[in-house]
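Asks: this one's sequence-less:
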């Protein structure tokens, strides 16, 4: 069985204890003995957690014991986190230019008082944990060693695009042909010009895959003037949200920030008198009134236009459908076995493992004909050749669960995840789900490994690799699974029985008012999410309440909030890792206390158009790894303790800074920076020459900067950028360049083609650069370059020689062979 949440939490606490023991400030404050005692107690308990997890489903007492343990470990993590915070504060103070800050630190934080406070907390924790450790002897739990599987072949799967591979759809030929026949039929006189075809089936039956299969069929592509595909959900069936989604799919452009009536006008213009196909995937709404409002926008298409709707609910098909529904049943056993073998073995390899295939046949019988279940288990068993592993899967107790068939199957493969990019990885980091491996590996790299693993096990779908970022969707059944696994420490609006539970650490609410109600009953919340965005904007008083009541908060999403200034009490949130203030159109300033958030890893200030300036002491945020900023400043704070001191920063995104003229001083000190994105900065004239010293930089993305001259310095090697790291003697890691809508760009900058970058660059994307004339002959110097994509560059007429190394060349969306002429 996989390492459980409780095991991982214990492991996380033990790792932190080990690291704290080495901190100078811990020795000075004299709490190292307390930490060692706590470490020994938790180590004793950790050895039996895995056995307890396996037995909990059949023993209520063990389940209750694990809940108490998990609660105590959360509290231990909070105490250790507080000590870590003081250690970080000590580090920031010591980095000052004089000893004044250090003296100030000790005057404000009396070592004896701190030792007494922490010692008291740890004594209480040890007593709780000692009792929990003593209780485990009642259950005869077996101590386990953690063994790494030696018989597992690891497979690296490539990220896929949003189309469906026909060879991966098994057993749906009849349904496919039925739908294609309906799509090709013209409307008759008795029908409306737009017909609706529902596809119905339980979760995991392959409704979405079938819809994509017909969507990408060559006959369909030729038949329809326009094709659109959007994923709908219960929350998204409001007219404005769905209109935006359909418009984006129709125009292939980003979502316009326009009033509803203008959005509707644009959509009608796109569809009028055109025969279109629209796929509405995962529809839950069965309110006829909402459907009729949307339908009014879609009836302007030419005769023969079609809408395909996928849904679990027959009531949705009744409300929306005009043609007979296509109801998906379970696959035949033979089709299920074929799909399983395809996922579990490399092509043709199954015939060498007849015993495994026989076990697989028995496993497949328990999947109820559900393709997602079959695929998930097949992907999980790929590379495992030990018959005991397969037999254990067949005989697992979870098959006896009274839940529906699909969730137990997903649970089996979920239990085996190495549990433990950008948006998801930042969320995982804030939750403490990504921990250092001891291999000196970046946490972001580990997060990307997890994403790849989830994709390979079919937990994510519609995966698209954009080189510097991967986008994907989560199957709704996986969401159901996550809720099933989360259980006691997560609160959603449907969990009224948890209102008084001290175990709740993560809440997902409709809006701030609901959180304020919770604040009266629950005080150890770590995560606050507003996924529904229908409960009103967060105000300043809400933030003050969070700061005073939820002192353990790690993740706070205040996007789309509505206040002019952030309260200074934000500085009291010592544990905070993630703070999102994006799209607050009123906020004008940040308090100085925000620079006391020494644990903060992610700060999002995007589209805060009224924000006057960043704090000059931003450099105190020594744990910050991801920064997105929009500000009115002409120059960002870089001197002394400014942004140039953000030593942990991995990604910097500067967006919609209308007045920004140049990059900040000290940018060369960001030695950990791996991705730099500069977008929608119309006044930016040049990049700092210091950018070439960013030795860790892997991705450089620049778009919509109309005055930016990337030929800065021309051929002057002394003043120009002239090649990343070339003057510092360090090697370059730059892999991806993406340039879009840069009117002054007429040729590739010299600094791309010369110096260390010439041996590392793999991907080049140039779009909407209307003055870009030619790629240089020296492009052949880029010996690692694998892929070039060019879009909407009308003055580019030819490609140079030496393109034979490329594995992919795309011009205006069309894949072409790397010859000279376009």
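Replies: Okay, I see it. Keep in mind that this is a model prediction, so the values were computed, not measured.
Asks: which stretches of the stretch 151-300 of the chain form helices?
Replies: Assigned helices in the stretch 151-300 of the chain, in chain order: 173-184, 207-215, 218-223, 239-251, 260-271, 288-298 (criterion: DSSP state H, counting those that start in this stretch).
Asks: of all the ones you listed, which gets the most neighbours per residue?
Replies: Stretch with highest mean neighbour count among those: helix 207-215 (a mean of 23; mean count of other C-beta atoms under 10 Å). Where you see a C-beta, it was placed from the backbone N, CA and C, and this is true even at glycine.
Asks: how far out from the middle of the chain is that one?
Replies: What separates the centre of helix 207-215 from the centre of its chain is 25 Å, taken as C-alpha atoms, centre = their mean, to the nearest Å.
Asks: Let's verify residue 359: helix, strand, or coil?
Replies: Of the three states, residue 359 takes helix under DSSP: H, G, I helix; E, B strand; the rest coil.
Asks: Checking the closest residue in space to residue 607 that isn't next to it in sequence next. Helix, strand or coil?
Replies: Once flanking residues are discounted, residue 607 sits nearest to residue 583: 4.7 Å by C-beta to C-beta, 6 or more residues apart in numbering. Secondary structure for residue 583, judged by three-state DSSP, is coil.
Asks: Residue 583 reaches residue 559, doesn't it?
Replies: Yes - look at residue 583 against residue 559 with C-beta atoms under 8 Å: they come within range, at 5.4 Å.
Asks: Looking at those two, which has the bigger crowd around it?
Replies: Taking other C-beta atoms under 10 Å, residue 583 and residue 559 do not tie; residue 583 has more neighbours (19 against 16).
Asks: Count the neighbours of the residue nearest to residue 276 when sequence neighbours are not counted for me.
Replies: Once flanking residues are discounted, residue 276 sits nearest to residue 226: 4.3 Å by C-beta to C-beta, 6+ apart. Look at residue 226: counted by other C-beta under 10 Å, it has 17 neighbours.
Asks: show me the contacts for residue 226.
Replies: Applying C-beta atoms under 8 Å, 6 or more residues apart in numbering to residue 226 gives the contacts 250, 270-271, 274-277.
Asks: Over to residue 589?
Replies: Going by C-beta under 8 Å, 6+ apart, residue 589 touches 564-566, 611-613.
Asks: again, but for residue 16
Replies: 77, 80-81, 84.
Asks: Figure out the helix or strand that it lives in.
Replies: Assigned by DSSP states H and E, residue 16 belongs to helix 5-20.
Asks: For that helix, buried residues please.
Replies: Buried residues in helix 5-20, defined by neighbour count with 16 or more other C-beta atoms under 10 Å: 5-14, 16-17, 20.
Asks: can you pick the most crowded of the contacts of residue 589?
Replies: Ranked by neighbours (other C-beta under 10 Å), those are led by residue 566, which has 24 neighbours.
Asks: gap between that residue and residue 648?
Replies: Applying C-beta to C-beta, to the nearest Å, the value for residue 566 to residue 648 is 22 Å.
Asks: which residues in the stretch 501-650 of the chain form helices?
Replies: With DSSP H, counting those that start in this stretch as the criterion, the stretch 501-650 of the chain has helices spanning 512-519, 540-549.
Asks: ok, of those helices, where does mean pLDDT dip lowest?
Replies: Lowest mean pLDDT within the helices of the stretch 501-650 of the chain: helix 512-519, a mean of 79.
Asks: Centre of the chain to that one, how far?
Replies: That offset, for helix 512-519, works out to 26 Å (C-alpha atoms, centre = their mean).
Asks: cool, and stretch 34-46?
Replies: Centroid displacement of stretch 34-46 relative to its chain, using C-alpha atoms, centre = their mean, is 34 Å.
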